[in-house]
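# Here you go, sequence then predicted model.
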Amino acid sequence: MQDQKNALIIFQKNMVLGKVKTRLAATVGDNAALEIYRELVAYTHAVCNEVKADKWLFFSDELIASEKTSYQHYHYATQSGKDLGARMLQAFTHCFDQGYEKVLIIGTDCAELSSEILETAYKALDDHEVVIGPAADGGYYMLGMRHLYADLFAAIPWSTDQVLYLTEQALQKQRVSYQKLAVLSDIDNENDWNQYKHLIHQNNE
């Protein structure tokens, strides 16, 4: 059993030009997309550093020393599986096998994420088996559970607007209690990024 009973899984792509934020890169170019991704990653880790949980950083392809040095007191691993569902299942399985009692998973695409939301998610798992952070595009920016529910990662058309709906259907079919948190927006394309910049500008006025 770990001293810290909460685990926070962070799925992060390796910083490779032309391989990150490809939908964004289609309109802003590969170099700008990489810089935006660096900004999103830095923001995500700043949020995570405020959360009391063991951090597990799962890189998309490989462990690169230069990418690890920025994150102190993390555990490191690589994602494994044929699709996003299989990779998430593998990461959750790994953490539950380590003895954690509450496990959350996030990506690095949500600039509205906060440490308060993640702390609320852990608290929600006191009374529910699963917690979901719904994304405005029909997916989710965060998923958490206190027991492994493998069916949540099967037969889901990832990167579509059906992800959240089908996840809820699977939970309801199994009669698994769950709680949804605030709806937030991921940054997937140039419109998302421009809306985010506009919001930041308004908040700074």
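That came in fine, so what should we check first?

# where do the strands sit along this protein?
6-12, 54-59, 74-78, 102-106, 130-134, 140-145, 178-180 (DSSP state E).

# Just give the number of residues close to the residue nearest to residue 15 when sequence neighbours are not counted.
In space, and not counting its chain neighbours, residue 15 is closest to residue 67: 6.3 Å by CB to CB, 6 or more residues apart in numbering. Where C-beta positions appear, they are placed from N, C-alpha and C, glycine not excepted. By other CB atoms under 10 Å, 16 other residues sit near residue 67.

# Quickly note the distance from residue 67 to residue 94.
19 Å (CB to CB, to the nearest Å).

# re the thing from before, residue 195: which of the strands of the chain is closest?
Of all these, strand 140-145 sits nearest to residue 195, with 15.4 Å by CB to CB.

# Restricting to C-alpha, output that closest one in CSV.
The C-alpha trace of strand 140-145 is given here as CSV (Å, rounded to 0.1, in the frame of the first residue of the first chain):
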residue,chain,number,x,y,z
TYR,A,140,-14.2,14.1,-20.9
TYR,A,141,-11.2,15.9,-19.5
MET,A,142,-11.0,13.8,-16.4
LEU,A,143,-12.1,10.3,-15.3
GLY,A,144,-11.7,8.9,-11.8
MET,A,145,-12.6,5.7,-10.0
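
# any weak-confidence spans in the chain?
1-3, 68-69, 200-205 (pLDDT under 70).

# That one: helices as residue ranges?
For the chain, the helices defined by DSSP state H cover 22-28, 30-48, 65-68, 84-97, 115-124, 163-173, 190-204.

# Those: which one's closest to residue 153?
Of the helices of the chain, nearest to residue 153 by CB to CB is helix 84-97, at 3.6 Å.

# how far does the closest one sit from the chain's center?
13 Å (CA atoms, centre = their mean, to the nearest Å).

# Give me the buried positions along it.
84-85, 87-92, 94-96 (16 or more other CB atoms under 10 Å).

# Packing partners of that helix?
strand 6-12, strand 54-59, strand 102-106 (3 or more CB pairs under 8 Å, 6 or more residues apart in numbering; DSSP states H and E).

# and these as JSON lines, adding distance to residue 39?
Output for the helices and strands packed on helix 84-97, formatted as JSON lines (distance: least, CB to CB, whole Å):
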{"stretch": "strand 6-12", "distance to residue 39": "13"}
{"stretch": "strand 54-59", "distance to residue 39": "17"}
{"stretch": "strand 102-106", "distance to residue 39": "16"}
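
# Now distance to residue 169 and mean neighbour count too, for those strands, in TSV please.
Formatted as TSV, the helices and strands packed on helix 84-97 follow (distance: least, CB to CB, whole Å; neighbours: other CB atoms under 10 Å):
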stretch	distance to residue 169	mean neighbour count
strand 6-12	23	23
strand 54-59	26	20
strand 102-106	20	24
